[in-house]
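In: return a 3D structure for these sequence lines:
(2 chains)
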Protein chains: 2
Amino acid sequence: MENLPHEHAPAKGKTPVKYTHVAAVHPRQRTSCLSHDSEHSPSFLGFRNLMVIVLVVMNLRLVVENFMKYGVLICIGCHDYRRIDLILSTVLYALVPCHLFVAYIIELGAAQHAKGVLGRLKRSDYDPNHDLFEKSRSFQATWYTIAWAHGINATFCLLVTTYVVYHHIHHPMIGSICQVHAIIVWLKNCSYAFTNRDLRHAYLNPSSATTIPEIYSQCPYPRNVTISNLAYFWWAPTLVYQPVYPRSPSIRWLFVAKRLAECFALSMFIWLASAQYAAPVLRNSLDKIKTLDVASIIERLMKLSTISLIIWLAGFFAVFQSVLNALAELMRFGDREFYTDWWNSPSVGTYWRTWNKPVYHFMRRHIYSPLVGRGFSSGFASTMVFVFSGLLHELLVGIPTHNILGVAFVGMMVQLPMIYFTAPLEKMQGINGRVVGNCIFWISFCLVGQPLAALMYFFAWQAKYGSVSRLEKG
Amino acid sequence: MENLPHEHAPAKGKTPVKYTHVAAVHPRQRTSCLSHDSEHSPSFLGFRNLMVIVLVVMNLRLVVENFMKYGVLICIGCHDYRRIDLILSTVLYALVPCHLFVAYIIELGAAQHAKGVLGRLKRSDYDPNHDLFEKSRSFQATWYTIAWAHGINATFCLLVTTYVVYHHIHHPMIGSICQVHAIIVWLKNCSYAFTNRDLRHAYLNPSSATTIPEIYSQCPYPRNVTISNLAYFWWAPTLVYQPVYPRSPSIRWLFVAKRLAECFALSMFIWLASAQYAAPVLRNSLDKIKTLDVASIIERLMKLSTISLIIWLAGFFAVFQSVLNALAELMRFGDREFYTDWWNSPSVGTYWRTWNKPVYHFMRRHIYSPLVGRGFSSGFASTMVFVFSGLLHELLVGIPTHNILGVAFVGMMVQLPMIYFTAPLEKMQGINGRVVGNCIFWISFCLVGQPLAALMYFFAWQAKYGSVSRLEKG
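Out: Numbers count the residues shown, from 1 in each chain, chains lettered A, B, ... in the order given. Sure thing, here's the model as predicted:
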């Protein structure tokens, strides 16, 4: 009340002070600011602040409730990993990149062969028709050999890892790391083979070489087939091979340190949140799944959704912002667009195009565009991308948890109709369609997708093995 | 994937289709959009949508949990009100406005007296000095009489109601309605007396009459002292008497119907929310208060804060938007500014100035401004306003719950330092001070203020009487 507006109070003069009781506080017609006939709609910024506060308070309350129910569940010595898991994962970690070296040898041979073909043709009499025919025949014949060699090399690597993880590495976390590593190297291998195939074709047919991107002219085929060029690709934060990448001028070590500190802090946070909050909810949900009590499962899913969302967001930031940026800085890799603002996605399709750019780039360049280029419809090409992605997801989740349930695969397949049905929302006039699309995305993503899948694989794991934690066994 | 951006894909021509695998997906240096060195900060609108969804989901989960724990708690026949409560409240409801009629009689006498004084002076020889002295003496003498008459009349009405509610009306809801009614009539009575005092003084001293607001000239003193004028004030949605109010041209019956429908729907909602959600939390908190277990009390307060906030917001809308607008429409009362955007308050002071305009107008016109006009500091005047308001709050809450704990009074007193300390935030440069102020307001209001007070009066009630509901007794 310190600074009351005196607009209606009588002006201060000699006598008027006495007449404060007559001030016209209702001087004219006015509307309530929430009425429809109000001229100006009021700001609701305060309610945004209130939402943040209520969210913080509700979650703090759950923290207190959780503490009162369970006490401290975090225990450093409780993780039960076997010695054989560590040994096998170390061996796999060392062996998997060797397949990249094999890929290099294959490409070296192919480049030598192409150089030979071009040299032979130059030495022989010039006959454009024979020349073209010869080159094309030679290219196709070599490509089949090379494709088989690459295919066997890359797939062997993936199959061995999958076999070892599924049958011999018990701990799901260690298994996941091995599996992610193998899949990344496999994808890089594929990209390396496909890209060099097209570069070689362009090398043998210089007339169409104008379609080779400008940036590659710094290192034309076959000069890119070197061990250092491949080693750079091996460590670069991308799944798509380019002979030349945009590079940043220098390594900012402070930047690297900050990103690594972020990553460490977020990993700690994720570990604490998982052990203290996610694990009890998951465990409490098991009985409900067994009895198929739908109301209880829904209640558990809703409780799980918040914590799984928080962990997912922390994990996203840790990997796509902190780790990939640190790695890019160390490699002086210029293109840091590992994601764009997927959280604003007005449709499910936009989310899949924006949240994981490295995988998206791979899928578009090596699956979607080639299929469309061969005359398939974009719908078919998208379906193929999601089938492939579904298989990879199942490999990534089903193998380390030793339960190939198909939930991850089906989850990816379900994206296709959702993409189809939310696409029109994105193009709707006005903001409402986009807000509805964004809400559909969030609900499908954080309410149904993540926690349901987590719950099912956890349930299957517990059904097969019981708990990973020694505490639970005791 | 239906509509992939093809920006990096080679242009479609004769041959380039073959070279999709070489497309430069990393064409230039780019930053991650969440990095500090990013040129454009991305929009976070999607996270706002996410917050709304998470809030809805968390509360829906509590609804399901509550249902699984307690089943349906709503019971129409379970409210245990006594027959005597209804009879007494009806009698009070009929008697209280009679005091307004008494006030009218008092003012009628005062107006007659003033007319007599003015007439006598006109008839006698004109002597400015004697005239002024005579009028002033006469005015003061009459004012003391009138003030005493009004004081006894108004306060008698309030005291009788308070006595009856405290001692004879058991049900807190019925008691509250009676008490609110009596306080409103008492405040209207005070405003009527004070305003007519100043109008009469201006009438006797026409030289200073220029400070009377323009709008009153349509009905100058003493023509305003009629039964119909007072009856209008009795029903008008304001606590501040004006001889003339701005009026709307006609009654829009559809508007009235919509507001009443809103009020009905919100009342149902509040009843359901109280019975099903607030009551169990309140009951579960009792043991925790008894044992003074601080962590548990805080957990309970946080659980209570969301539901009490929802009920409060629904109640605010029902009363200040629906009921007061419906009443204003029926009375063709033009000034509908019963509140402004208090939810954006950047300080506690702004909240108290904006959330309840009828009471704020009363306090400012009849307490704050007169005190400042008499030379008191604005700090002292504000303190007086909050002391008075604290007494009214205690009357309103302590009397119907039969427990004069002083919590409501102390709660109002605590506002004074909070207003003092948050006032500078409002004037800070930039948006941050205002956001901090707004958050302090929300936390103090919905986390500490409302639920703590509710908990304490509920605890005191249960300690004295046990439950109101028959279910609990059985």
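In: so residue A:88 sits against residue A:164, correct?
Out: Yes - between residue A:88 and residue A:164 there is a contact under CB atoms under 8 Å: 5.8 Å. Where C-beta positions appear, they are placed from N, C-alpha and C, glycine not excepted.
In: overlap in contacts, the two.
Out: Counting by CB atoms under 8 Å, 6 or more residues apart in numbering or on different chains, the common neighbours of residue A:88 and residue A:164 are residue A:178.
In: identify the residue spatially nearest to the spatially most central residue of chain A, adjacent ones excluded.
Out: Centroid-nearest residue in chain A, with CA atoms, centre = their mean: residue A:356, separated by 3.7 Å. Leaving aside its sequence neighbours, residue A:356 sits nearest to residue A:339 (CB to CB, 6 or more residues apart in numbering or on different chains; 6.7 Å).
In: got the phi/psi numbers for that neighbour?
Out: phi -160, psi 160 (degrees, to the nearest 10).
In: and the helix or strand residue A:185 falls within, average pLDDT?
Out: Assessed by DSSP states H and E, residue A:185 sits inside helix A:172-204. Averaging pLDDT along helix A:172-204 gives 91.
In: list the buried residues for the helix or strand that comes right after that helix?
Out: Note on helix A:172-204: by DSSP H and E, the next helix or strand toward the C-terminus is helix A:227-235. Judged by neighbour count (16 or more other CB atoms under 10 Å in any protein chain shown), helix A:227-235 contains these buried residues: A:229-230, A:232-234.
In: try stretch A:379-396
Out: For stretch A:379-396, burial by neighbour count (16+ other CB under 10 Å) applies to A:381-386, A:389-390, A:392-396.
In: next one: stretch A:178-186 to chain centre, how far?
Out: Remark: stretch A:178-186 is offset 15 Å from the chain centroid, using CA atoms, centre = their mean, to the nearest Å.
In: try stretch A:237-249
Out: Centre-to-centre, stretch A:237-249 and its host chain are 19 Å apart (CA atoms, centre = their mean).
In: compute the first-to-last residue distance for it.
Out: 17 Å (CA to CA, to the nearest Å).
In: what mean pLDDT does it have?
Out: Averaged over stretch A:237-249, pLDDT sits at 93.
In: kindly report the same for stretch A:35-49.
Out: On average, stretch A:35-49 scores 82.
In: and stretch A:63-78, by the same measure?
Out: Average pLDDT, stretch A:63-78: 80.
In: repeat that for stretch A:348-360.
Out: Stretch A:348-360 shows a mean pLDDT of 92.
In: tell me, how many residues neighbour residue A:325?
Out: Number of residues near residue A:325 (other CB atoms under 10 Å in any protein chain shown) recorded here: 25.
In: I'd say it and residue B:36 touch.
Out: No - using CB under 8 Å, residue A:325 is not in contact with residue B:36, being 10.8 Å away.
In: anything in the helix holding residue A:185 near chain B?
Out: Yes - residues of helix A:172-204 are located near chain B by CB under 8 Å from any CB of the partner chain, namely A:191, A:194-195, A:197-199, A:201-202.
In: need these in a markdown table with neighbour count, can you?
Out: Listed next are those as a markdown table, based on neighbours: other CB atoms under 10 Å in any protein chain shown:
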| residue | neighbour count |
| --- | --- |
| A:191 | 21 |
| A:194 | 22 |
| A:195 | 25 |
| A:197 | 22 |
| A:198 | 19 |
| A:199 | 26 |
| A:201 | 23 |
| A:202 | 23 |
